[in-house]
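*Asks:* Sharing a model prediction with you, sequence too.
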Amino acid sequence: MEKKRVVVGMSGGVDSSVAAYLLKETGYDVIGVTMQIWQKEEREIQEENGGCCGLSAVEDARRVASMLEIPYYVMNFRDEFQKQVIDYFMAEYLAGRTPNPCIACNRYVKWESLLRRSMEIGADYIATGHYARIVKLPNGRYTVAKSKTAAKDQTYALYNLTQHQLSHTLMPVGEFEKEEVRKIAETIGLRVAHKPDSMEICFVPDQDYAGFIREHSGREIPEGNFVTKDGTVVGRHKGITHYTVGQRKGLNLSMGKPVFVLEIRPETNEVVIGDNLDVFSDRLLCNRLNFMSIPDLDGEMEVTAKIRYNHQGAKAVVRRLDEDLAEVVFEEPVRAVTPGQAVVFYDGAYVAGGGTIMGKG
């Protein structure tokens, strides 16, 4: 029987390196690929942040591939990354929303583009080092299930993958704890065994999002007014790209009490502030829906909903309102419902689906 061929997306980190090793050991015909998506990081910054897409990543991945004795290539995805991730990132902030570029990168670059090119060279699957598991359910649907290691679970960022993509994807490290993965790497002598995990957004290494947008969008981001819910002007803000819903630090307002960002209004260039209690909401609206464990949502469904990557999740009912519109009603109010972020619906360990938060319901 002919070996199944799998292209492993290798970032130079320990997780994707061990994924390649595990698949080879299982008997797959493994090809290592690093996706070149961002080329302007300086080497010191990459290494400090565990950068996943620059020169140091290529060097580490090539070294691992050589040790594992698998073919290795670098594929250029800069154009796709610019359009689907960077341009989207800037447009969302300029529209007063807080984007999640990792979700966009997963859906449109790491999967759509890489899978298409991989299948063109005869691959049956692509594989990554994500902490998640792919499961085919009795109803015939593919979904992602939570990984063995709750602290590293990455299912939130994968909710937007399609059935076609899932059916051609392998995620071998989802069955392991992080420390087990590092131990495997150590045992087989991989130099990346204790390489730090990638942190934050890879293309903004200094985490100055507003500075990045100003530099790369070619637009000046004007100052504007901080206002209360009733419209009272209480100060000046530095530009809407500096803020996100729920933010307290960096407002530089002397209000005699802690205040928080409640809303960003790009049409009037206002940032609305209020008390901590005002940041809580018991419902939200979302669109750009994608369903995984279920083919569609007809009516309503009880779920655990996560409204950001590090949110523990909260009991809720998701209710379909229109073809691409749903309402999520929480059992108890949740903090900082943020337009532009994803809301992901869990049915136990499985991802039922998710969407993009439009705002409070």
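*Replies:* Received, thanks. Numbers count the residues shown, from 1 in each chain.
*Asks:* From now on I want contacts and neighbour counts done on CA atoms only, so please keep to that.
*Replies:* Will do.
*Asks:* Dihedrals phi and psi, residue 249?
*Replies:* Main-chain dihedrals, residue 249, degrees, to the nearest 10: phi -70, psi 150.
*Asks:* Local confidence estimate at it?
*Replies:* Among the per-residue scores, residue 249 shows a pLDDT of 94.
*Asks:* can you count the residues close to it?
*Replies:* By other C-alpha atoms under 10 Å, 12 other residues sit near residue 249.
*Asks:* distance of it from residue 232?
*Replies:* Using C-alpha to C-alpha, to the nearest Å, we find residue 249 at a distance of 21 Å from residue 232.
*Asks:* before we move on, what about residue 117?
*Replies:* Distance from residue 117 to residue 232, by C-alpha to C-alpha: 54 Å.
*Asks:* Between those two, which is the more surrounded one?
*Replies:* For residue 117 versus residue 232, the count of surrounding residues by other C-alpha under 10 Å is larger for residue 117: 14 against 11.
*Asks:* Provide a list of residues in contact with that one.
*Replies:* With C-alpha atoms under 8 Å, 6 or more residues apart in numbering as the criterion, no residue contacts residue 117.
*Asks:* run the last query once more with 10 Å
*Replies:* Residues near residue 117 by C-alpha atoms under 10 Å, 6 or more residues apart in numbering: 7, 75, 111, 123.
*Asks:* Secondary structure class of the third one, three-state.
*Replies:* So the one you mean is residue 111. Reduced to three states with DSSP: H, G, I helix; E, B strand; the rest coil, the structure at residue 111 is helix.
*Asks:* contacting residues for the residue nearest to it when sequence neighbours are not counted?
*Replies:* Take residue 111 and drop its neighbours on the chain: the residue closest to it by C-alpha to C-alpha, 6 or more residues apart in numbering is residue 165, 6.6 Å away. Residues counted as contacts of residue 165 (C-alpha under 10 Å, 6+ apart) are 107, 111, 112, 115, 116, 125, 126, 142.
*Asks:* next one: phi and psi at the fifth one?
*Replies:* The phi and psi values for residue 116, taken as degrees, to the nearest 10, are phi -60, psi -50.
*Asks:* so where's the stretch 151-300 of the chain shaky on pLDDT?
*Replies:* 199-200 (pLDDT under 70).
*Asks:* which among the contacts of residue 165 gets closest to residue 236?
*Replies:* Taking C-alpha to C-alpha as the measure, residue 236 sits nearest to residue 107 out of those, at 37.6 Å.
*Asks:* Surely the closest one forms part of a helix?
*Replies:* Yes: judged by three-state DSSP, residue 107 forms part of a helix.
*Asks:* That one: how many residues sit nearby?
*Replies:* Neighbour tally, residue 107, other C-alpha under 10 Å: 20.
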